[in-house]
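> need a structure here:
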Amino acid sequence: MDTKVIFKEKIDKILGFIRSAFRKDFIIGLDIGVSSIKIAQFTKKEDGLHLVKADLREIKEEKEIIPVLKDLFKGIDLKKSKIIVSINCPKTAFKIAKAPYMPKAELRDGINLEAKNYFPFPTDDSLLDYEILGDVVEKGIRKYEVAVSVSPKPTIENYLSLLGKKVGIKPASFVPSSYALQKVAKELSAEEGKTHCFVDIGKLHTELIICRGRDLLFSRKIPVAGDNFTKAMTRALVSDRGRTELTVEEAEKIKQETGIPSEADSKIIEDKISTTQVLSMLRTPLEQIVSETERCFDYYREESGGGKIDSLVLFGGGASLGGLIKYLSEALGIEVKLGDPLARLKIEENAVSEREKVAHRLELAIGASLTEAKGINLLPAEIKEETKRVIKRGTLEAIATATILVLVFIYIGMRIQINNFQKRITVAERELKSLQPQLAEVKDQILADKLLANEPHWEDIFKELSNIIPDNIYLTELNMGNKLIRMKGIATSAEKDELLSQFILTLGKGIFSNVKLVTSKELKEKTANEFELTCWVD
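Predicted structure coming up:
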């Protein structure tokens with residue numbers, strides 16, 4: 001075989017080793033709920049992610065969590081898997097907000113300071129992360145639109161202890177459940193211009209988000225969940241049959257088997273309670289969930305100027321409650337349907353068992369898998385840095401090993417075809433020399449960027465100035481530098497002094513500060529004043 005071919009094959013193998021050393025072949029989303037644990041395992045292929053395994057296991061007690069997790073991850077190569085965990089608690093929250101436009105290196109500190117205004121609870125003892133969604137302009141001012149999430153440190157520590165110390169799993173990312181739900185909503189919201197509400201009803205928590213197309217507009221926790229329906233059925237009732245009081249187990253069984261009874265259907269269940277009594281007990285949490293949902297709809301309509309909600313999609317174990325879809329549809333007056341997070345996914349054969357029964361409960365595990373690599377991650381900073389150091393150290397070791405092998409093969413090749421390599425070296429030196437002028441230009445550009453970094457955004461300044469200058473004032477000269485603006489002009493009006501004073505006051509109310517009139521001189525015709533003033537840009 002030709003020496004060149006052998007040499008190329010060896011190099012390709014070494015480079016392949018470096019690329020695969022830290023490659024993750026699988027992405028796994030994990031949702032640990034109070035009554036069930038869900039997992040969604042994807043593999044990367046040329047046409048995108050393929051679901052290879054989705055599973056749901058019911059749990060009744062906390063002590064079952066560890067053995068169930070170990071069983072779910074049996075046979076999975078953890079070293080080749082990126083594990084993303086959906087987390088939730090009353091103070092794990094997610095919000096779309098506006099942040100002042102500033103250097104990105106300073107943005108985190110700015111968001112930390114503003115976090116108390118984003119969430120209705122203290123965030124001092126919470127971990128925070130954010131994702132920049134884009135730029136927006138409000139009243140001529142440029143801002144960042146950001147997705148911000150917080151979660152209490154004890155919640156994060158509990159998840160880390162459970163997964164790391166007790167199960168041996170190192171999560172690559174923690175994401176809030178509402179963020180995972182939004183990723184599923186993005187996959188399902190293909191219709192542009194349509195607005196949909198997505199609701200995940202869990203055992204203890206209910207998440208609600210509103211999306212227009214693929215854009216998240218609103219996110220909120222609703223204080224009514226599956227447990228509220230069960231507890232409502234355990235209160236004592238007195239009827240002509242005597243005193244009736246269900247245990248939690250009995251209430252849960254009747255809830256699952258009977259659902260929301262029809263008013264026209266009256267019968268005795270388990271020779272203990274009538275369907276009319278069940279409906280009466282369930283009415284309070286049903287009315288609460290409708291009321292809370294309508295509040296969210298009203299807020300959206302107010303913010304969007306009368307926007308319409310086209311449909312409501314239900315997920316989670318609570319969505320399985322019989323009759324709930326019909327009840328909500330009639331109460332809210334919109335289409336309500338059971339969600340299927342698998343609808344638009346590429347699914348391998350035998351990846352999901354009993355899809356019709358479990359699909360709507362897998363959305364948070366699937367959504368966690370769909371979160372982007374550079375999105376929100378609520379892992380503590382020290383763990384993120386440790387992961388980076390491990391990858392960097394391993395990469396350097398792999399590169400060092402590969403470099404030694406490359407040098408060996410280069411030495412062998414040079415002994416055989418030294419003249420060819422000398423020619424290549426000469427060509428490379430010429431190419432490098434030809435790049436020197438371009439490198440010099442890049443350095444000059446970098447220096448220019450640094451000099452302009454602290455300059456105001458003059459485009460916004462001109463827009464603001466053009467919006468507030470009166471018709472009877474004409475600018476004849478405008479000088480700018482170091483955030484100071486010096487302008488000269490002519491005020492033409494019978495009340496020119498009053499016009500000029502009003503213009504100075506208007507400047508001070510906007511983005512300009514310390515506005516000072518330097519000179520004002522009446523022209524010979526006495527129909528206009530020539531003036532000069534200075535101001536600073538905030």
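> Tell me which residues of stretch 141-158 come out buried.
141, 143-152, 155-156 (16 or more other Cβ atoms under 10 Å). The C-beta positions use only the backbone N, C-alpha and C, and glycine is treated the same way.
> Then stretch 294-307?
Of all the residues in stretch 294-307, those buried under the rule 16+ other Cβ under 10 Å are Cys296, Phe297, Tyr300.
> With stretch 344-351 instead?
Of the residues in stretch 344-351, Leu345, Ala351 count as buried by neighbour count, 16+ other Cβ under 10 Å.
> Quick one: end-to-end distance for it.
Stretch 344-351 has an end-to-end distance of 15 Å (criterion: Cα to Cα, to the nearest Å).
> I'd like to know the average pLDDT value across that stretch.
When pLDDT is averaged over stretch 344-351, the result is 93.
> residue ranges with poor pLDDT in the stretch 251-400 of the chain?
Along the stretch 251-400 of the chain, the model assigns pLDDT under 70 to residues 372-373, 387-400.
> what about the strands in it?
Assigned by DSSP state E, counting those that start in this stretch, the strands in the stretch 251-400 of the chain fall at 268-269, 273-274, 311-315, 335-338, 346-347.
> ranking those by burial, who's on top?
Mean neighbour count (mean count of other Cβ atoms under 10 Å) peaks for strand 311-315 among those, with a mean of 22.
> C-alpha coordinates for it, CSV please?
C-alpha atoms of strand 311-315 as CSV (Å, rounded to 0.1, in the frame of the first residue of the first chain):
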residue,chain,number,x,y,z
SER,A,311,-56.5,26.0,22.3
LEU,A,312,-55.5,24.4,25.6
VAL,A,313,-53.2,21.3,25.6
LEU,A,314,-53.1,19.2,28.8
PHE,A,315,-50.1,17.1,30.0
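> tell me how far it is from the chain's mean position?
The gap between where strand 311-315 is centred and where its chain is centred comes out at 20 Å by Cα atoms, centre = their mean, to the nearest Å.
> could you say what helices and strands it packs with?
If you count contacts as 3 or more Cβ pairs under 8 Å, 6 or more residues apart in numbering; DSSP states H and E, strand 311-315 packs onto helix 177-188, strand 195-201, helix 324-332, strand 335-338.
> Would you mind giving the ones you listed as CSV with distance to Ala97 added?
Shown next, in CSV, are the helices and strands packed on strand 311-315 (distance: least, Cβ to Cβ, whole Å):
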stretch, distance to Ala97
helix 177-188, 14
strand 195-201, 20
helix 324-332, 27
strand 335-338, 29
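> I'd like to know how many residues surround the residue lying closest to Gly202 once chain neighbours are set aside.
Setting aside the residues directly before and after it, Gly202 is nearest to Gly316 in space (Cβ to Cβ, 6 or more residues apart in numbering), at 5.0 Å. Neighbour count for Gly316, taken as other Cβ atoms under 10 Å: 27.
> wait, isn't Gly316 in contact with Asp200?
Yes - judged on Cβ atoms under 8 Å, Gly316 makes contact with Asp200 at a distance of 4.3 Å.
> overlap in contacts of those two?
Common contact partners of Gly316 and Asp200 (Cβ atoms under 8 Å, 6 or more residues apart in numbering): Thr206, Glu363.
> Can you pull the poorly scored residue ranges out of the stretch 401-538 of the chain?
Scanning the stretch 401-538 of the chain for pLDDT under 70 picks out the ranges 401-416, 421, 439, 442, 444-456, 526.
> For it, which segments count as helices?
Ranges of helices within the stretch 401-538 of the chain are 458-468, 496-509, based on DSSP state H, counting those that start in this stretch.
> Go through the ones you listed and pick out the most buried.
Scoring these by mean count of other Cβ under 10 Å, the most buried comes out as helix 496-509, with a mean of 15.
> okay, the angle between that one and helix 458-468?
With axes from the mean of the first three to the mean of the last three Cα atoms, to 10 degrees defining the directions, helix 496-509 sits at 140 degrees from helix 458-468.
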